[in-house]
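S.K.: next input, structure requested:
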Amino acid sequence: MDGSGPALHLKMIQPYSPPMYLTPFTSLAWAYQLHYYLCFRTHRRRSLFSSRLAQLTELVSEICARHDYHLLECQPHPEQIRCLLSLQPAHRISDVMQTIKTNSSRECSQQFDLAKPVWAHGFLAKSVGRMRISAVRKYLEQQSKHQGYDSRVLPPVYRYRASQPVALLAAHASFELNHLNNPQLQLGVF
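M.R.: Numbering: from 1, shown residues only. The predicted model follows:
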């Protein structure tokens, strides 16, 4: 033997007592707890899900299960959804929201005969710590009553369209841009 065997090599470099040597890690199991409160609304706050709240909850939970998002709580309202999700560190909030909104929009359009777009642009995402989960659950349960949303009727959203094109007069199009340094750009009369 030339002294290069594993047993002799360990004996030569053992400066500590044998109990100090632990079994080396072959894999790591990480512990994480990332909880997020997410809220997103229907396009133009249309009341689309008044009679379909159970189906919407089932749909969102199915999407979350398919993509390995842990849905802790889902509270659908006729014009919005509020969720409490537990995510892995590899999941980005923007990607999670894009996945949920895209898939649910497609499924809602097919199942409920809704016109696209179903969801409005944007979302609310807040991180929630371990100590605040119960507070967020309580908040989710009491929010509509506290803010008066449960009995409030939202005004309709209108888009103004003139029946005839309106010609703007010179009084409508005259303004000054004194804050610009270039004198040629300071007068803006069209």
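S.K.: what's near enough to touch residue 127?
M.R.: Each residue near residue 127 by C-beta atoms under 8 Å, 6 or more residues apart in numbering is listed here: 34, 35, 36, 37. C-betas here are computed from N, CA, C, even on glycine.
S.K.: ok, the residues you listed vs residue 136, which is closest?
M.R.: Residue 136 lies nearest to residue 37 out of the contacts of residue 127, by C-beta to C-beta, at 5.3 Å.
S.K.: give me the pLDDT value at the closest one.
M.R.: The score at residue 37 is 93. That number is its pLDDT.
S.K.: OK, contacts around residue 78?
M.R.: 47, 48, 49, 50, 53.
S.K.: can I get the residues you listed in TSV with neighbour count and secondary structure?
M.R.: Listed next are the contacts of residue 78 as TSV, based on neighbours: other C-beta atoms under 10 Å; DSSP: H, G, I helix; E, B strand; the rest coil:
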residue	neighbour count	secondary structure
47	12	coil
48	18	coil
49	22	coil
50	9	coil
53	15	helix
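S.K.: closest to residue 163 out of the residues you listed?
M.R.: Nearest member of those to residue 163, counting by C-beta to C-beta, is residue 47, at 28.4 Å.
S.K.: so the residue nearest to that closest one when sequence neighbours are not counted: helix, strand or coil?
M.R.: Nearest residue to residue 47, sequence neighbours excluded (C-beta to C-beta, 6 or more residues apart in numbering): residue 78, at 4.0 Å. Secondary structure, DSSP: H, G, I helix; E, B strand; the rest coil: residue 78 is coil.
S.K.: what mean pLDDT does stretch 96-104 have?
M.R.: Looking at stretch 96-104 alone, the average pLDDT works out to 96.
S.K.: pull out the buried positions in that stretch.
M.R.: Neighbour counts over stretch 96-104 (16 or more other C-beta atoms under 10 Å) mark 96, 97, 99, 100, 101, 103, 104 as buried.
S.K.: same thing with stretch 33-44?
M.R.: Residues of stretch 33-44 classed as buried: 35, 36, 37, 38, 39, 40, 41, 42, 43 (neighbour count, 16+ other C-beta under 10 Å).
S.K.: how about these in a markdown table, adding distance to residue 89 and secondary structure?
M.R.: Formatted as a markdown table, those follow (distance: C-beta to C-beta, whole Å; DSSP: H, G, I helix; E, B strand; the rest coil):
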| residue | distance to residue 89 | secondary structure |
| --- | --- | --- |
| 35 | 12 | strand |
| 36 | 12 | strand |
| 37 | 18 | strand |
| 38 | 17 | strand |
| 39 | 22 | strand |
| 40 | 22 | strand |
| 41 | 28 | strand |
| 42 | 31 | strand |
| 43 | 32 | helix |
